[in-house]
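**Q** got a predicted model here, sequence first, then my questions.
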Amino acid sequence: MIPGGESTTLWRLSVAFEVLEPLRKLTGDGLPAFGSCAGMIMLADRLADGVEGQQTYGGIDMTVRRNAFGRQVDSFERDITLAGLGGSGGQGDTEDPFRAVFIRAPWVEQAGAGVSILGTEQDTGRIVAVRQGQLLATAFHPELTPDRRIHQLFVDIVKDNT
Ligand code: GLN
């Protein structure tokens, strides 16, 4: 799990604690990982609006733009429709929208052919949830809402890859 927070801090601490290269190798070699928000940024192969020299673990063939939805005060919640979520997490039908919490959130500006697009934010049409193989990433924070469908999807990915 690569949590939200602040991706330049995650990068700097990863370098300081010498885990950047090991984690880059692990995500590239098939370790399942789920990143939300800053975690999504860390799983991106390419960044837009990164700070000078900012590095990621990578693994998902996508360009992610940091702070794309605006500053902290522009944070918002919105129902979005997500594709490919088996099970409802006790929250109703699989067709139920997902209440997504965006906190100074990134979006996916470009995704390669191998990336499955799981969800977009309707006002901007921007990609906000993706999967590539055993790597899953959301621009929003599913840990802040009771809906467990994304957690369940990640558990299923882990089961399928161990
Ligand atoms: N904007 C932050 C960043 O660039 C991410 C915000 C978040 O994780 N909620 O890392």
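**A** Looks like it came in fine.
**Q** Ile60 contacts Ala129, doesn't it?
**A** No: applying Cβ atoms under 8 Å as the test, Ile60 and Ala129 come out as separate, 11.4 Å apart. (Each C-beta comes from the backbone N, C-alpha and C, glycine too.)
**Q** can you give me the pLDDT of Ala83?
**A** Note on Ala83: pLDDT of 86.
**Q** go on, Gly90?
**A** For Gly90, pLDDT reads 45.
**Q** go on, Val19?
**A** For Val19, pLDDT reads 97.
**Q** intersection of neighbour lists for Ile60 and Ala129?
**A** Shared contacts of Ile60 and Ala129, defined by Cβ atoms under 8 Å, 6 or more residues apart in numbering, comprise Ala137.
**Q** at the geometric centre of this structure, which residue sits there?
**A** What sits nearest the mean C-alpha location of the chain, by Cα atoms, centre = their mean, is Ala137, with 2.3 Å.
**Q** secondary structure element holding that residue?
**A** strand 135-138 (DSSP states H and E).
**Q** what's in contact with that strand?
**A** 27, 32-37, 39-40, 43-44, 59-60, 100, 119, 128-131, 150, 153-154, 157.
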